[in-house]
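Visitor: Need the 3D shape of this:
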Amino acid sequence: QVQLVESGGGSVQAGGSLRLSCAVSGGTFKDYFMGWFRQTPGKERDFVGGVSWSGASTYYADSIKGRFTIFRNNAENTVYLQMDSLKPEDTALYYCAADHSGSRLRVSHDADYWGQGTQVTVSA
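Guide: Numbers count the residues shown, from 1 in each chain. The predicted structure is shown next:
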């Protein structure tokens, strides 16, 4: 069974940075397109960004473009989300996700596997 475990969340002031990590076990990491999503109470889960199987291609939501960077290390079975210039509206529970299909994850916002989430809180 594939398992995804996020870490790196926390509280930070506006303008600060955080790096989230998502460690994947139980599967062949390089076979999965990886993505990050976020959700706040009462709202739908939003796509944040995605990275292709080799890491050569990345995709971002407009709301975070230029501030967040997603990358992966296939040797370490880990995907990262570097978040800079954080804003209070970035406050959310952040999830990583894995799917064999890049389009399913990026477009349909669905995936075979999800982590449990890590909370990010940005204060003004």
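
Visitor: What residues does the most centrally placed residue in the chain make contact with?
Guide: Ranked by distance to the mean C-alpha position of the chain (CA atoms, centre = their mean), the top residue is residue 36 at 2.2 Å. Counting by CB atoms under 8 Å, 6 or more residues apart in numbering, residue 36 makes contact with 20, 22, 48, 49, 50, 70, 79, 81, 94, 95, 96, 97. Every C-beta, even on glycine, is put in place using the N, C-alpha and C of the backbone.

Visitor: is the closest residue to residue 78 other than its chain neighbours in a bridge, and if so with what?
Guide: Spatial nearest neighbour of residue 78, chain neighbours left out: residue 23 (5.1 Å); criterion: CB to CB, 6 or more residues apart in numbering. Under DSSP bridges, the beta-bridge partners of residue 23 are residue 5, residue 78.

Visitor: Tell me, how many residues neighbour residue 23?
Guide: Residue 23: 16 surrounding residues under other CB atoms under 10 Å.

Visitor: For it, report the pLDDT, please.
Guide: On the pLDDT scale, residue 23 is placed at 98.

Visitor: Quick check: it touching residue 4?
Guide: Yes. In this structure residue 23 lies within contact range of residue 4 using CB atoms under 8 Å: 7.4 Å.

Visitor: re earlier: buried ones in the helix or strand hosting the residue nearest to the centre of the chain?
Guide: Secondary structure assignment for residue 36, by DSSP states H and E: strand 33-39. Residues of strand 33-39 classed as buried by neighbour count (16 or more other CB atoms under 10 Å): 33, 34, 35, 36, 37, 38.

Visitor: how about the third one, what does it touch?
Guide: With contact taken as CB under 8 Å, 6+ apart, residue 35 is in contact with 47-51, 70, 96-99, 105-106, 111.

Visitor: out of those, which are buried?
Guide: Using 16+ other CB under 10 Å, the buried members of those are 47-51, 70, 96-99, 105-106, 111.

Visitor: Packing partners of the worst-scoring helix or strand of the chain on mean pLDDT?
Guide: Lowest by mean pLDDT, DSSP states H and E among the helices and strands of the chain is helix 102-106, with a mean of 91. Packing contacts for helix 102-106, counted by 3 or more CB pairs under 8 Å, 6 or more residues apart in numbering; DSSP states H and E, involve strand 33-39, strand 46-51.
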